[in-house]
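Chemist: Need coordinates for the below:
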Amino acid sequence: MSLSFQPANEELPPGVSLPIPPPEGFNPLKASNDDLVKHGLPPRPVMSESPDEFVWWEKICSSAGSFVTPAFEPQPAAKVDKKTGDHVSHNWSGAVISASKNHHFTDVWASWTVSRPHPDNWAWQERYWESGRFAAGTWVGMDGHKEHGKGSSDILQAGIGHRCIVSTHQDTEYSIHPWWEWYPEHAWTITGFQIATGDLVSVTIRANSPTSASIIFNNFSACTYTSFNVTAPKNVQLEGSCAEWIVEAHRRSAAGELTMSYLGATFFFDCGAIEKDSSDATGTSGGQSVYRNLRGATFLEIQQGGQVLSTASKSLSNDTVLGVVAERRVHKHEVPYAPECRGKK
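Modeler: Have a look, this model is predicted:
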């Protein structure tokens with residue numbers, strides 16, 4: 001079923017449209033699929049056919065609460081290296097699962113608690129932080145991971161941005177904001193939908209076709225949700241070759257103005273995805289649905305300058321929970337990071 005969104009105004013990003021806000025007293029758990037779609041929520045899965053997907057649907061619909069109309073601000077284009085290896089990346093840590101043979105992903109979701117960003121450890125001097133800008137992202141997405149030369153470099157992703165700025169006088173500014181991106185187009189910050197440190201949030205991405213998708217944010221702590229429909233950039237189609245749950249680093253610019261925020265430990269809960277049989281599919285929405293979780297995932301860690309910044313921890317993860325831990329502990333003028341200090345995985 002395709003989502004039927006209504007355009008809100010002429011100031012939306014290209015290809016974005018918004019749902020009709022639900023009326024007072026709207027109960028998603030009792031609503032028809034047509035009404036769910038109209039108000040920006042996913043249609044009800046058939047419980048007997050996809051029980052795990054139904055559990056997720058019930059969780060986000062029972063906690064949807066008030067709808068918040070989103071607004072958008074473009075983020076500056078950044079030259080970010082999206083290439084990853086089997087286990088090592090310049091800027092991704094987390095987990096990636098590949099689609100089964102003759103299948104493609106159409107849905108991905110997770111929930112997590114929003115971490116407060118801190119300056120990276122290298123910036124700490126004996127009595128103060130060095131001034132600078134620090135940024136990280138926590139998100140779910142589809143495509144963008146290449147393995148053995150296969151996969152798409154395009155990616156559809158949505159999540160939370162974590163930024164902090166330390167000034168010369170040691171004043172620190174923190175910024176927590178939801179965002180989305182259909183790479184290679186630039187990312188968009190979502191304004192109006194409030195997210196704070198410590199909030200329990202979720203993100204659901206549903207592909208309606210190879211060139212359109214719906215994105216749903218829930219803030220369980222505030223009992224609010226927002227959603228919108230997006231269209232792929234020109235000449236881009238979603239392959240659905242992989243799904244991912246990621247803590248992302250921002251590499252330092254040539255001027256050294258941006259590096260990764262320190263987030264401590266991030267736990268993604270309820271990690272799930274839906275893949276569909278491509279052999280009998282008529283578009284992305286066709287084919288038989290198959291639920292997938294983290295079983296068989298490739299775990300990634302971020303390495304920059306010979307140091308591990310952030311790594312997915314198998315000991316802190318299971319089939320539906322992913323633990324990603326910030327690893328860097330050395331300061332700017334200390335000895336290089338020794339991998340053997342981390343112990344065996």
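Chemist: Let's test this: mean pLDDT of stretch 299-314, rounded?
Modeler: Averaging pLDDT along stretch 299-314 gives 84.
Chemist: Any buried residues in that stretch, and which?
Modeler: 299-304, 307-313 (16 or more other CB atoms under 10 Å). Quick note: C-beta positions are derived from backbone N, CA and C, even for glycine.
Chemist: which regions of the protein lie under the pLDDT threshold?
Modeler: Residue ranges of the chain with pLDDT under 70: 1-10, 76-90, 147-151, 168-171, 251-258, 280-287, 328-345.
Chemist: For the residue nearest in space to the middle of the chain, pull up the helix or strand it's in.
Modeler: By CA atoms, centre = their mean, the mean C-alpha position of the chain lies nearest to Trp139, the distance being 1.6 Å. Per DSSP states H and E, Trp139 falls inside strand 132-142.
Chemist: Check which element follows that strand along the chain.
Modeler: Counting by DSSP H and E, the element after strand 132-142 in chain order, helix or strand, is strand 155-166.
Chemist: And that following strand, what does it pack against?
Modeler: Secondary-structure packing of strand 155-166 (3 or more CB pairs under 8 Å, 6 or more residues apart in numbering; DSSP states H and E): strand 132-142, strand 172-183, strand 200-209, strand 212-219.
Chemist: let's see 7 Å
Modeler: Other helices and strands packing on strand 155-166, by 3 or more CB pairs under 7 Å, 6 or more residues apart in numbering; DSSP states H and E, are strand 132-142, strand 172-183, strand 200-209.
Chemist: Using PDB, write down the CA coordinates of it.
Modeler: Provided in PDB are the C-alpha atoms of strand 155-166 (Å, rounded to 0.1, in the frame of the first residue of the first chain):
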ATOM      1  CA  ILE A 155      21.500   5.600   1.000                       C
ATOM      2  CA  LEU A 156      18.200   6.400   2.700                       C
ATOM      3  CA  GLN A 157      18.800   7.200   6.300                       C
ATOM      4  CA  ALA A 158      17.100   9.000   9.300                       C
ATOM      5  CA  GLY A 159      18.000   9.500  12.900                       C
ATOM      6  CA  ILE A 160      19.400  11.900  15.500                       C
ATOM      7  CA  GLY A 161      22.300  14.400  15.200                       C
ATOM      8  CA  HIS A 162      24.500  15.000  18.300                       C
ATOM      9  CA  ARG A 163      26.600  18.200  18.200                       C
ATOM     10  CA  CYS A 164      28.600  20.200  20.700                       C
ATOM     11  CA  ILE A 165      30.700  23.300  20.300                       C
ATOM     12  CA  VAL A 166      33.400  24.300  22.800                       C
END
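Chemist: If we ignore the residues flanking it in sequence, what's nearest His221?
Modeler: Not His; residue 221 is Ser. For Ser221, ignoring the flanking residues on the chain, the nearest one in space by CB to CB, 6 or more residues apart in numbering is Asp199 at 4.1 Å.
Chemist: That concludes my questions; thank you for your assistance.
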